[in-house]
Each structure stands twice: as structure tokens, then as C-alpha cells.
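>>> here you go, sequence then predicted model.
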Amino acid sequence: MTIHATEITPAPPSAAPAVNRASRRAELEEAFLPAIVALLIAALVGDVLILSFGQNPGTVYKLLIEGTWGNAYGLGQVLYKATTLTFTGLAVAVGLRAGLFNIGAESQLAAGGFVAALVGLALPASVPTLLALPIFIVAAAIGGGVVGGVPGVLKAKFGAHEVITTIMLNFIVLALLNYLVAAHLKAADSLHTATIHTGALPRLSNYIGPFHGSAANVVILLAVAVVIATWYYLFRTRGGFELRATGLQPEAAEYGGVNVGGVWWRAMALSGALAGIGGLNFVLGYKYYYEDSFGSGAGFLGIAVAIVGRNHPVGVALAALVFATISQGGLAVNAAVPKQMVDVLQAVVIIAVVASVPEVRRVLRRER
Amino acid sequence: MIVLLFLAQTLRIAIPYLFAASGGVISERAGLIGLGLEGYMLGGAFCGAVASYYTGNAWLGLLGAVVGGVLLALLYAVTSIRFRGDQVVIGIAINLFASGATRFFLRLLFHSSANSPRIPGFGVEQTGTGWLAIARNPLIWIGILAVAFMAWLLYRTPFGLRVRAVGEHPAAAMSVGIRVARVRYLAVALSGALAALGGAYLAFDQHQFTAEMSAGRGFIALAATIFGRWDPVRAALACLLFAAAETLQIQLQGAQVIPSQFVEMIPYALTIVALAGVVGRAVPPAALGKVEGL
């Protein structure tokens, strides 16, 4: 097949572009094959679950598509969920590029939203939104950045493994926020803080009518900007280069003059900050207050988003759309099969991707 | 009298931790991170409840729990050992899988999104808090025995020596003829079985399965594993310490001395302190989390 193709295409002007193109294709194959394999396996497992519930898989999958991309409300919900997942996915991806596993995005997301809500409660209503927005972004970034930075410092100074410290910090921070809201900050007869005075951002339905009722809001534009900024930082700046070099081979980076400990804690703080900014999607864009567990697992799903997106900002955004679709799809099919089916499918996608990456790489190598 | 009641309640709370932490120790000593303990517990609680509901026999329920826990553990083992997937990611996915699957089958089998029908468990009086109830619950004794068993297995048997070898230096272990992958499969399967018994204890204690009933206990057990520095007896002592803190919080609930959220933080905060080495560093098995080069 490949021989045939080279016969009919005219000879390339020089050898270099052809090699480039071939390696680019190999790279894309390596990036997308595991995800496609994983989605197929998940669809198969989904078939089994749906059949066990006495339903027709075709009908259920049709419901899933119709309830997500098939109507404006569903699409709006997908976009809302994808926005949070993009931030948490970027957070995990930046950590992984530095060779660090940030399992703490869940609490960093919550801390970002919490600090933003505090600022929103403190700012007077007269502050215009455009002026308030940068303050909110910085506040959320600090909230998440501190929670992320602590494990980074513990790693750099004491060698404490970040996987365990971020997991433990998740429980500590979520308990602390729970205490602060329940004991001091909750509005009367509710489980959340009072509504913020300023900085509320408009829903997308204000501009595009059919989105009416969905939570999609303009924070999605911020997400797009942050995807681009993260890409630029990782691949076009000195700091990003040092971060990636540390992730690939810390000893070699150290030898090349990189302060590895410094990269570690900065990468973790940056990672936490990215997750923290994701809290704005809920606090500024949707409910205009802080509420416990508003992240509802988006921090953990961010790990899956980063892995499936191959730690590339654009891949992360695409993977966030996939996982947001599956999440929202669960609600769309809940009348026919239990919505928890999608938790199983998400887990299957994660396991299948992680387990098939080395395998796919091996098979592709052997073919060449 | 109050002291005795306190100790009794501490023991009851500690039992699921003892089971799961024993599982955490064997898994991590073999080099596989115990992030899936939470999932094994939840899966074990569900399968134990289902098996004892349909058979009407608590012992067959325990068997069901073990089967469920081992199956989840093998899913983790196969994907991380055979397919070399990242242990951290797969461990977290196992927990998500267990959470989704138990709730899915809860609705499929019992048409409920919250809990199973009542299951027998071991007798009816065991819901009391006294020593008599404790002495009559075989799972309490099995839980204490699990710790002793793990200490014996790890330090007094050839298998235990192999487990420690593959966790510290798999290449060296392989060079003297140890089948590294097989030892790891066995260690992970055992960790799944033990954590599942901890889950079954929860279900039997409440006489039903309720959704998400493991409620983070697998992570507390993981914290105890690390705080106990990967040693079965010290991990068990950590479990008792964490359980005592919880008991204290329950006893003081009326008094409002310390907010419950701060008591909840204790296991996690102590684990971070242990890892940061403020009072003697906790050093993990050298090959923990690595499967390269096999």
C-alpha cells in the first residue's frame, strides 16, 4: 500500500520534506491511534452494559449524541463542562511535561473558585466587570497556585513524592474549605456563600439564543486564550524549555544548568494556578457563588484529559470536549440506562489509552 | 468503662483500615502503587452484599467480596504489568470504574440508586457497640489476623522475600530466577482480596450496600501504609491511630471542641509530615511505580 503510493506521487524536490512528512504522519498516528482504540473498546463495553439493562445500544448511543451535539442546550452544557476540563487538563499536562504527577487538580480547582468568590464578596458592586476580571483571574490563580505549589516545594526541598502529597492535600484542602463555608461563610438557609457583588460574566445564551438554559459562558474564551498561552509558554519560551527538559531527564537538565528544584515547584504552582482559574467557570460564569464540590470530579477527570490529549494544549482541549460529551451524555441517556454507565466508560477509556500507548508504539515500530 | 467503650469503637472503625492497609503494604512492597485500594473496597462491599443477598449466607458473601476485589486488582495488574500502563492513572481509573460499576449494577439488580436491600451479615446483634458484639463478629478477628498474617508472609516466607526483592530491585530479583511478573500479580491479587474484605466488613456492619460507602477509606489505608513506612505492623498501628482520632471526634461531637473537618485532616496531614521527613523520612520501596526493563 505504501509502496504503491510512493510510485504514483511525483518525486519530492528534496529528501528532507519527505522524511519530515513521514515522521509527522507517524507522530499523528501514535497520538491518535490509542485514543481511537480506547473509544472503540469503551463502545464495546457500553454495548454490554446497555444490553445487560435490556436496552438497544443503537438507540442509547443515538440518545447520547442527540442529547449532546444534537441540540443547542446539550452542546452548551458540553461546552461548559469542557471549559472546566480544559483548565484541569492543562494543569495536569503542564505537571506531566515537567515530569510531575499532579493529582491535586480537584482541590486546586476548588481553592481557585473559593478565593475568587472571596474576592467577589469583598469587591464593591461599583467595580466594573472589565476591571474586576483581571483581579479575579489573579485571585483564582493564587488560590490554586498555593495549593499546587506546596507539594512542589515539598518535592524540591524534601523529595516528598508529589502523587501522595497532592492526594493528601486534596482531602485536607477540601475539608478546610468545607469548614470555612459551613462555619463562617454560608448564606442563610443554604450550603453556599452569598452571591458575589461584581464580576459576573455573561452566559453564551445572551448572544446566541438557542443556548438558553445551558451554563456555557464567556469563560470559554478565557479557556481558549489560556490554551494558546500554555502552548506558547511550553514550546516557545526558555522557562517552558527548561520545564520540558526537566520532565524528560532531570539529571541531564541539571547538568545543562537548569535548577531542577526550582522548575519543580514553579511547575506545580503553575499547574495549580491553571486548575484554580478553572474555578472561574463556575463562580463567575455560572452560579456567581462558591459551593462545596462544585468541581464534581473535574479535577480527577483532568488527569484523563491530559493523558488522552497527550499533554499537548490543543490535544487537551480536544480531549476535554470528548470527556465533556461523555459526561453530558450520561444525563441524556439516564432515562434508558443508569447515567453511571458513563463513569464506567470514562474509566475504560482511561485504562485503554494508558495501556495501549506502549503497545501501539511497539506495533507501529515493528511495521516500519 | 468509658476507656473500654472508646477502645471498642476504635477497633470497629479500624478493622476496614487494617484490611486495606495490609493490602496496601503487600502491593507497594511488590512495587505497585496502591491507589486502587478505594476501588477494591467499594467493589468488595458491593460483591459481598450481592453474594450474601442471593445466597443468604455471610461466608459466601465474603467469598463474593474476595472475587470482586481480586478481579478489580487483576484489571489493575494486567494493564500496569503486562501493558505497562501508568500505575497512577490506572489506579485512579480503577476507583472511577468501581464507583460507576457498583452504582450501575445497583440499579440493574435492585432498582435503586442509593442502597441494596437488607443483607444478613453476621447475626443481628453486631450493630451494638459493646465488646460482646465485637467478639461475635468473625470479621474483626480475621482483620486482626490479616495483620499478623501479612507480617509473617512478608518477613518469614520465601514468597515474602521475593515480594520485597521485586519491589526493591526487580532486575536483581530476575537475575536469581524469581519470576518478577508472577510475584507482582500474586501480590496485587492479595491486596485486592484483603481490601475487599474491608469493604465487606462495611457492608455487613450496616447490613446493606450503600453507594460510595467506602467514602475515602481506601485512601486513609494508603495513608496508613505510607505513614507506617510499608511495614505491616506499623501500618496497623497507624490505622489504629487514625481510627482513635475518628472515635474521639465522634465522642466529642456534642461538645464541639474541634470541628470535625480538622479531625478528618489528621491522617493526611501526618502522612505529608512523614513524607517530608520532619521526624525521620519515610522512604518507599525503590522500584515503587516502575515496571520498565522487565
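Good, I have the coordinates.

>>> wait, isn't residue B:189 in contact with residue B:72?
No. Residue B:189 lies out of contact with residue B:72 (C-beta atoms under 8 Å); the separation is 10.0 Å. (Glycine included, C-beta is placed from N, CA and C.)

>>> neighbour-wise, which of those two wins?
Set side by side, residue B:189 and residue B:72 show unequal neighbour counts under other C-beta atoms under 10 Å in any protein chain shown, the larger going to residue B:72 at 27 against 21.

>>> not counting sequence-adjacent ones, nearest residue to the more buried one?
The shortest distance from residue B:72 to any non-neighbouring residue, by C-beta to C-beta, 6 or more residues apart in numbering or on different chains, is to residue B:43 (4.7 Å).

>>> now do the SS call for residue A:310.
coil (DSSP: H, G, I helix; E, B strand; the rest coil).

>>> got the residues of the stretch 101-250 of chain B near chain A?
Taking C-beta under 8 Å from any C-beta of the partner chain as the criterion, the neighbours of chain A within the stretch 101-250 of chain B are B:101, B:103, B:104, B:107, B:108, B:113, B:216, B:219, B:222, B:223, B:226.

>>> try 6 Å
Residues of the stretch 101-250 of chain B lying close to chain A (C-beta under 6 Å from any C-beta of the partner chain) are B:101, B:103, B:104, B:107, B:108.

>>> could I get these as CSV with distance to residue A:31?
What follows is those, written out as CSV (distance: C-beta to C-beta, whole Å):
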residue, distance to residue A:31
B:101, 29
B:103, 33
B:104, 31
B:107, 37
B:108, 36
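
>>> looking at these, which is nearest residue A:360?
Out of these, the one with the shortest distance to residue A:360 is residue B:101. That distance is 26.0 Å, counting by C-beta to C-beta.

>>> who's in contact with the closest one?
Neighbour list for residue B:101: residue A:344 [criterion: C-beta atoms under 6 Å, 6 or more residues apart in numbering or on different chains].

>>> need the helices for chain A, in chain order.
In order along the chain, chain A carries the following helices (DSSP state H): A:2-8, A:15-52, A:57-68, A:72-97, A:105-122, A:129-158, A:162-180, A:219-236, A:238-248, A:250-255, A:260-283, A:298-308, A:313-333, A:341-367.

>>> average pLDDT for the longest one?
Per-region confidence: helix A:15-52 scores 81 on mean pLDDT.

>>> what comes up buried for that helix?
Residues A:31, A:33-35, A:37-39, A:41-42, A:45-46, A:49-50 are the ones in helix A:15-52 that count as buried (16 or more other C-beta atoms under 10 Å in any protein chain shown).

>>> what about chain B: which of those touch it?
By C-beta under 6 Å from any C-beta, no member of the buried residues of helix A:15-52 lies near chain B.

>>> out of the residues you listed, which comes closest to chain B?
Of all the buried residues of helix A:15-52, the one with the least separation from chain B (C-beta to the nearest C-beta) is residue A:49, at 6.5 Å.

>>> enumerate the residues of the stretch 1-150 of chain A near chain B.
Proximity of the stretch 1-150 of chain A to chain B, by C-beta under 6 Å from any C-beta, involves residues A:53, A:101.

>>> find the closest residue to chain B in the stretch 1-150 of chain A.
As assessed by C-beta to the nearest C-beta, chain B sits closest to residue A:101 within the stretch 1-150 of chain A, at 5.4 Å.

>>> so what's that residue scoring on pLDDT?
Among the per-residue scores, residue A:101 holds a pLDDT of 93.

>>> tell me how many other residues crowd it.
Other residues near residue A:101 come to 22 when the count uses other C-beta under 10 Å.

>>> show me where pLDDT drops low in chain A?
For chain A, the stretches with pLDDT under 70 are A:1-19, A:367-368.

>>> now residue A:345: closest residue in space that isn't a chain neighbour?
In space, and not counting its chain neighbours, residue A:345 is closest to residue A:42: 4.6 Å by C-beta to C-beta, 6+ apart.

>>> skip the chain neighbours and tell me the closest residue to the residue in the stretch 201-350 of chain A that chain B sits nearest to.
Using C-beta to the nearest C-beta, residue A:343 is the residue of the stretch 201-350 of chain A that sits closest to chain B, at 2.7 Å. Residue nearest to residue A:343 in three dimensions, not counting chain neighbours: residue B:100, with 2.7 Å by C-beta to C-beta, 6+ apart.

>>> so how many other residues sit close to that neighbour?
Here the count is done by other C-beta under 10 Å, and residue B:100 has 23 residues near it.

>>> dihedrals phi and psi, it?
As for residue B:100, its main-chain torsions (degrees, to the nearest 10) stand at phi -70, psi -50.

>>> pretty sure it contacts residue A:345?
No. With contact taken as C-beta atoms under 6 Å, residue B:100 and residue A:345 are classed as non-touching, separated by 7.9 Å.

>>> quick check: residue B:213 vs residue A:60, distance?
Spatial separation of residue B:213 from residue A:60 under the definition C-beta to C-beta, to the nearest Å is 28 Å.
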